Structure formats: structure tokens, C-alpha cells
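# no FASTA, just this:
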């Protein structure tokens, strides 16, 4: 019977040069393990820049809820369309380009509403002296442009 020596127990070895040295394990302590779990911060390493702020794309952001934003009693239930006033429409009520600010002011003084403007343009509003109201307020050329604009294709109910 051959007696052989028992096989050697495996040890961790690191290679440092031509010979392998056995590696010793450090004893785990509470302070060592907590330091291993926490990554170093920029306060501990001033050369390291702080991490950038976390950016959440707009489509992934949570929307407002009743818990975060109390209901505004005056808020509409649905988005409102912007209101268009006569001052917004008047510059384009001509066949001769866009009306100037002075022409818009004169036209607003002659006709208090868009309905009045259309009536005067289609019926040929005449002032007390027999002159054309639109041409008297804005000049012959601009007055004709407004009259042509409303007379060609527009139907007002």
C-alpha cells in the first residue's frame, strides 16, 4: 500500500513577481464594511465633480394630482381656446394687404362690431352728408379694399 500525503488545501494567491504569495483576508469590521458600501462623494474627493442633476424627460414626469395641487375653483374643466377680438381680425379684412394701425383705429370708430362693419361694407353705408362712411374714415383706396373683401365671398348670418 502506498501512502500518499493528503492533497494541499487551496489558498488564494496573488501573483506579485515570479513567486506566488498567499493572500490574507482582512477582518471585516463594521466601519470597514460601511465604507465599502458607500461610494465616495465629491466632498470627500474635491477633485471629483459633483454628479449632474437627474433629468426626467417631460413625457415621463408624473402629472399633477389632486394630492399635490389642490383644485382651483376658478380653473376651467377643459383648456380654453384663445379669444379672438375684432382688433385681431380687422388688419386682414381687406383685399389690399394688411391694414395699418391708423386704419384699424378709424375702422373701429366707424363700426363698433364686426357685424356693423359687414353691414356697412355690403350695404354701402352713407353718412348724413351722403358720403361713403368707409371711404370717409380710411380713404377711398382702403375703403374699397374693405368693401371688396366682404362683398366677394363672405356670407354673414
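Received it, and whenever you're ready, just let me know what you need. All of these numbers come straight from a predicted model, not from anything done at the bench. Numbering: from 1, shown residues only.

# burial measure for residue 88, as a count.
10 (other C-beta atoms under 10 Å). (Each C-beta comes from the backbone N, C-alpha and C, glycine too.)

# if we look at the top helix by length along the chain, which residues are touching it?
Using DSSP state H, we find that the single longest helix of the chain is helix 140-152. With contacts defined as C-beta atoms under 8 Å, 6 or more residues apart in numbering, helix 140-152 is touched by 93-97, 99, 103, 107, 117-118, 121-122, 124, 132, 134-138, 156.

# try stretch 74-92
Around stretch 74-92, the neighbours that count as contacts under C-beta under 8 Å, 6+ apart are 98, 99, 104, 107, 108, 113, 114, 117.

# and if we set it to 10 Å?
Here stretch 74-92 makes contact (C-beta atoms under 10 Å, 6 or more residues apart in numbering) with 69, 93, 97-101, 103-105, 107-108, 111-117, 146, 149.

# Can I have the buried ones of those residues as a ChimeraX selection?
To isolate the buried ones among those in ChimeraX, judged by 16 or more other C-beta atoms under 10 Å, type:
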select :93,99,103,104,107,111,117,146,149
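
# and residue 133, how many residues sit next to it?
Neighbours around residue 133, by other C-beta under 10 Å: 16.

# right, I mislabeled it, should have said residue 151
14.

# Show me what secondary structure element comes after the helix or strand encompassing residue 119.
Assigned by DSSP states H and E, residue 119 belongs to helix 114-123. The element immediately downstream of helix 114-123 (helix or strand, assigned by DSSP H and E) is helix 133-138.

# Which strands or helices does that next one pack on?
helix 101-110, helix 114-123, helix 140-152 (3 or more C-beta pairs under 10 Å, 6 or more residues apart in numbering; DSSP states H and E).

# can you do 6 Å?
helix 101-110, helix 140-152 (3 or more C-beta pairs under 6 Å, 6 or more residues apart in numbering; DSSP states H and E).

# hang on, the earlier thing: counting neighbours, which of the contacts of helix 140-152 end up buried?
With burial judged by 16+ other C-beta under 10 Å, the buried subset of the contacts of helix 140-152 is 93-94, 99, 103, 107, 117-118, 121, 132, 134-138.

# buried stuff in the longest helix of the chain?
Under 16+ other C-beta under 10 Å, the buried positions of helix 140-152 are 142, 143, 144, 145, 146, 147, 149, 150.
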